[in-house]
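Participant: return a 3D structure for these sequence lines:
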Amino acid sequence: MSSPELEFTGRRRRRIILAASAGNFAEWYDWGVYGVVATIIATQFFPPGDAVVGLLSTYAVFALGYLARPFGGIVFGRIGDKFGRKRALSLTILVTCGGTAAMGVLPTYAQIGLVAPVLLVICRMAQSMGAGGEYASAISFVYEHSPVGHRARNVAQLVATTFVGIMTGTVLARVASAVMSKEAYNAYGWRILFFVAVPLAAFGFYLRSRVEETPEFEELARVRRETASEASPVRSTLRQQWPAMTVLLVCTASYALISTTITSYLTTFLIDVNGLSTGDAYNATILSNIAVIIATLVMGVVCDRIGLRRTLTIAGVVVAVAAVPVLALAAHGLAGGLIGGFLIGACKGLLAVPALLALSAIFPSAVRVTAGALAYNVAQSLFGGTGPFIGVWLNDTTGSPYGFGVYLAVLALVTVVGSIVGRRVFDRRYSSSRDTLDASGRGGPAAQRMADTA
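Facilitator: Now for the predicted structure:
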């Protein structure tokens, strides 16, 4: 088998990243749309009356959807580890985008009563289940196709498309709200945003179906055939990988929270706490996403140079220091909203690359997608899915943005501590597919561990 360092160049490199990124873009477009139209969903799918209760209900649905992410991580992780990263990627995009498009045709509370929020929950859980398998599969796909010295920057390009997809949802919402009357946009214009998922899904599925499987998985499949080994079940993965999975869960808690802060809460924060108009809040959210993309691409290069663990530690320290003052700034006026939004977006970009690269880097290839997806999605369910709900509740309870900022700062410190305590987990890699079979409890020589600067 030829070396990935020789193969992952030029046209092939662009094709592989494009295939992973196109589907990634389509799947995460939805998360941006749901966040920016949350205030409309609150009025469409829940009983009229208390605006705060309606908004809390909207974000409760958001949190409930996250409960499906660990299940999606197990299902699609199993598919990715047993049948290949490519097959898992082709399935996740269909599930997620199907749930997204379905939201565009849901009847409202005024039309069918309490059945409306129930259907909303079902759509969100379908989206979450697909997303639960998407990130770990896509990151593993790019990671395994990449030469060692360029893994972080290649993964960073993939991750950046996530934020481009999220930002696109905000941009389209901004355009639709500008060209349509407020009444028309609130009545049906928001639905158009969800229908966009259909062509995006078709394009992403087409690209993913035409790329080749990763060399590392092909080698893994060959070794399994030679040794009569089977793909490791979830129980084996948990038994063998629980220390690394625990470290990943702890270290990605702050990223899980800050990712939903930008994706699905910032617009609401700027409208309800700062008092900005919908258009100005959209503009600040777009600027924030631009900062995320820039910081992500920069941190990919940094991470390749100084290593995963050091990058994660530095990012955690910066976010812990900046969280409270940045959110306080974003709560005051248009200038504060724009500058604060940009800075909190940059903080998200700092954490994104090391947190998401760890999904693949700290696990052996035999269980890479399952272990990474399960640990990451548990963190997302615990801290990401509840983030907007807690944000609204804290701000309503305290009357200020400081409570939520303190919460983010504390989780960032947890990330720092986790990266230090879990040093041995980050400073290792597996030398071959045969070693990874042994690491997952399926036979083969002992895994060789060495310093991993990826």
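Participant: what's the offset of stretch 94-106 from the middle of its chain?
Facilitator: 18 Å (C-alpha atoms, centre = their mean, to the nearest Å).
Participant: for stretch 74-86, that is, sorry about that
Facilitator: The chain centre lies 18 Å from the centre of stretch 74-86; the measure is C-alpha atoms, centre = their mean.
Participant: what's the mean pLDDT across it?
Facilitator: Regarding stretch 74-86, the rounded mean pLDDT is 85.
Participant: so what does the host helix or strand of Arg12 touch, helix or strand wise?
Facilitator: Using DSSP states H and E, the element containing Arg12 is helix 10-36. For helix 10-36, the packing partners by 3 or more C-beta pairs under 8 Å, 6 or more residues apart in numbering; DSSP states H and E come out as helix 85-103, helix 115-145, helix 151-179, helix 190-195, helix 197-209, helix 266-269, helix 278-306. Glycine gets a C-beta too; all of them are placed from N, C-alpha and C.
Participant: if you set the cut-off to 6 Å instead, what comes out?
Facilitator: For helix 10-36, the packing partners by 3 or more C-beta pairs under 6 Å, 6 or more residues apart in numbering; DSSP states H and E come out as helix 85-103, helix 115-145, helix 151-179, helix 197-209.
Participant: gap between the very next helix or strand once past that helix and the chain center?
Facilitator: With elements assigned by DSSP H and E, the helix or strand that comes after helix 10-36 is helix 38-44. Averaging C-alpha positions (C-alpha atoms, centre = their mean) puts helix 38-44 23 Å from its chain's average.
Participant: redo the helices and strands packed on helix 10-36 as JSON lines? Include mean neighbour count and distance to Val326.
Facilitator: Formatted as JSON lines, the helices and strands packed on helix 10-36 follow (neighbours: other C-beta atoms under 10 Å; distance: least, C-beta to C-beta, whole Å):
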{"stretch": "helix 85-103", "mean neighbour count": "24", "distance to Val326": "30"}
{"stretch": "helix 115-145", "mean neighbour count": "25", "distance to Val326": "25"}
{"stretch": "helix 151-179", "mean neighbour count": "23", "distance to Val326": "18"}
{"stretch": "helix 197-209", "mean neighbour count": "19", "distance to Val326": "32"}
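Participant: so Arg225: helix, strand or coil?
Facilitator: Taken by DSSP: H, G, I helix; E, B strand; the rest coil, the conformation at Arg225 corresponds to helix.
Participant: before we move on, back to that, nearest to Val247, out of the helices and strands packed on helix 10-36?
Facilitator: helix 115-145 (15.6 Å; C-beta to C-beta).
Participant: any idea of the mean pLDDT in that closest one?
Facilitator: On average, helix 115-145 scores 85.
Participant: that helix packs against which elements?
Facilitator: If you count contacts as 3+ C-beta pairs under 6 Å, 6+ apart, helix 115-145 packs onto helix 10-36, helix 51-66, helix 68-82, helix 85-103, helix 151-179, helix 333-361, helix 368-379.
Participant: and the angle from it to helix 85-103?
Facilitator: Here the directions of helix 115-145 and helix 85-103 differ by 160 degrees (axes from the mean of the first three to the mean of the last three C-alpha atoms, to 10 degrees).
Participant: and Gly113, its phi and psi?
Facilitator: The phi and psi values for Gly113, taken as degrees, to the nearest 10, are phi 70, psi -140.
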